[in-house]
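Mind folding the following:
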Amino acid sequence: MERHLQNLGKTAQYIPELRAVNQYYLGVCTIDLEGNVLEAGDTRIPFTIQSISKLASLILAIRDCGADHLFHEKVGVEPTGDPFNSIIKLETKTRPFNPFINAGAIAVASCIKGADADEKFERFLTFTRKLCDNDEIALNQAVYESERDTGDRNRALAYYLKASGILEGDVEECLDFYFRMCSVNVTAHDIAYMSLVLANHGIDPRDGEELIEPQNAKAIRALMLTCGMYDGSGEFAMTVGFPAKSGVGGGIAASLVDRMGIGVFGPALDEKGNSAGGIKILEYLSEKMGVSLF
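Sure, this is the predicted structure:
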């Protein structure tokens, strides 16, 4: 792997536990519909899922309350052009623009069924293990505590959503669940399998179980393409062209419909909060594979 790519960025500085991660990790894993796995580099190094968790929570929320309710009452489906943790648009449009910015993901998290944060998280963890085909996935307690202790901006977003009538239930319970779901440890291999499920129209290729209805899998892939890379989504769509979702832990999950799932890991981030080395790898794969969505 081209480790020098990780010199293009630096680890997430605003979360102490993420700041300390080795920025020179770099890995890529692909899994196709026949189950063939190709991987290189640090594909089995655990890292926290962060915003890639928004794929799992969105699927779970759609299953719990339906796509119509979610996308008409709680969140929109449009890019913002603003940073992922911005509050600006909430001042002019109460409903978050999409489910992948922090405000939208917090609103989505509040729609997941459960009596409290513990029950919601157990449901989320069970479902994430299924999506990633890995029963060993677990919470990174140190990152969770670090996120909880430094998450004041997310608290501001959540209370604003509560005051606007968007967030359901208790704000602190919702936030506790949100911080935990972002702090689950995964690998590049895990998120490649999650991406494969979406590429396979929501069906787990291992056992044929439908984890999300095909039309909703299609909608999620569309959101990944237009909103999945924060305010760098437009440029990424032009240079790479894969539906993808990134996280500040350094992961990127990408789905190529009817072909494969891709997971990359590189914790050095660019100015948008996306893996700098991961984007370069996906640009290379896009060029070599000749994949185009247009």
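
drop to CA atoms for contacts and neighbour counts, all remaining ones
Noted.

which residues does the nearest residue to residue 234 once chain neighbours are set aside contact?
Take residue 234 and drop its neighbours on the chain: the residue closest to it by CA to CA, 6 or more residues apart in numbering is residue 226, 6.7 Å away. Applying CA atoms under 8 Å, 6 or more residues apart in numbering, we find residue 226 in contact with 78, 79, 233, 234, 237, 243.

for residue 226, phi and psi?
phi -90, psi -20 (degrees, to the nearest 10).

The one 3 residues further on now?
Here is the backbone geometry of residue 229 (degrees, to the nearest 10): phi -110, psi 40.

mind checking how far it is from residue 183?
19 Å (CA to CA, to the nearest Å).

in the host helix or strand of residue 284, what counts as buried?
If you go by DSSP states H and E, residue 284 is part of helix 276-289. Within helix 276-289, the residues that count as buried by 16 or more other CA atoms under 10 Å are 276, 277, 278, 279, 280, 281, 282, 283, 286.

Between those residues, which sits nearest residue 265?
residue 278 (6.2 Å; CA to CA).

if we can go back for a sec, tell me which other helices or strands the helix holding residue 284 touches.
strand 27-32, strand 260-265 (3 or more CA pairs under 8 Å, 6 or more residues apart in numbering; DSSP states H and E).

how does it look with 10 Å?
strand 27-32, helix 233-239, strand 244-246, strand 251-256, strand 260-265 (3 or more CA pairs under 10 Å, 6 or more residues apart in numbering; DSSP states H and E).

out of the ones you listed, nearest to residue 161?
Comparing the helices and strands packed on helix 276-289 by CA to CA, strand 244-246 comes nearest, at 23.4 Å.

That closest one - which strands sit beside it in the sheet, and in what orientation?
Sheet pairing for strand 244-246, assigned by DSSP bridges, gives strand 251-256 (antiparallel).

Could I have the CA atoms of the partner strand written out in PDB?
The C-alpha trace of strand 251-256 is given here as PDB (Å, rounded to 0.1, in the frame of the first residue of the first chain):
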ATOM      1  CA  GLY A 251     -13.500   4.400   6.800                       C
ATOM      2  CA  ILE A 252     -15.300   4.600   3.500                       C
ATOM      3  CA  ALA A 253     -18.000   2.100   2.500                       C
ATOM      4  CA  ALA A 254     -18.700   2.000  -1.300                       C
ATOM      5  CA  SER A 255     -21.400   0.000  -3.100                       C
ATOM      6  CA  LEU A 256     -21.200  -1.000  -6.800                       C
END
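
now it: mean pLDDT?
Averaged across strand 251-256, pLDDT comes to 98.

burial measure for residue 215, as a count.
11 (other CA atoms under 10 Å).

who's in contact with it?
201, 202, 221 (CA atoms under 10 Å, 6 or more residues apart in numbering).

what's the spacing between it and residue 143?
34 Å.

now residue 230
22 Å.

My read is that residue 41 contacts residue 263, right?
No. Using CA atoms under 10 Å, residue 41 is not in contact with residue 263, being 11.7 Å away.

out of those two, which sits in the busier spot?
Comparing residue 41 with residue 263 by other CA under 10 Å, the one with more neighbours is residue 263, at 31 against 17.

excluding its backbone neighbours, what's nearest that one?
That would be residue 192: by CA to CA, 6+ apart, it lies 4.1 Å from residue 263.

Quick check: closest non-adjacent residue to residue 65.
residue 111 (7.0 Å).

Now do the contacts for residue 29.
Contacts for residue 29 were tallied using CA under 10 Å, 6+ apart; they are 37-44, 187-193, 253, 261-265.

Against which helices or strands is the helix or strand bottoming out on mean pLDDT in the chain packed?
Ranked by mean pLDDT, DSSP states H and E, the weakest helix or strand in the chain is helix 16-19, scoring a mean of 88. The helices and strands touching helix 16-19, judged by 3+ CA pairs under 10 Å, 6+ apart, are helix 141-150.
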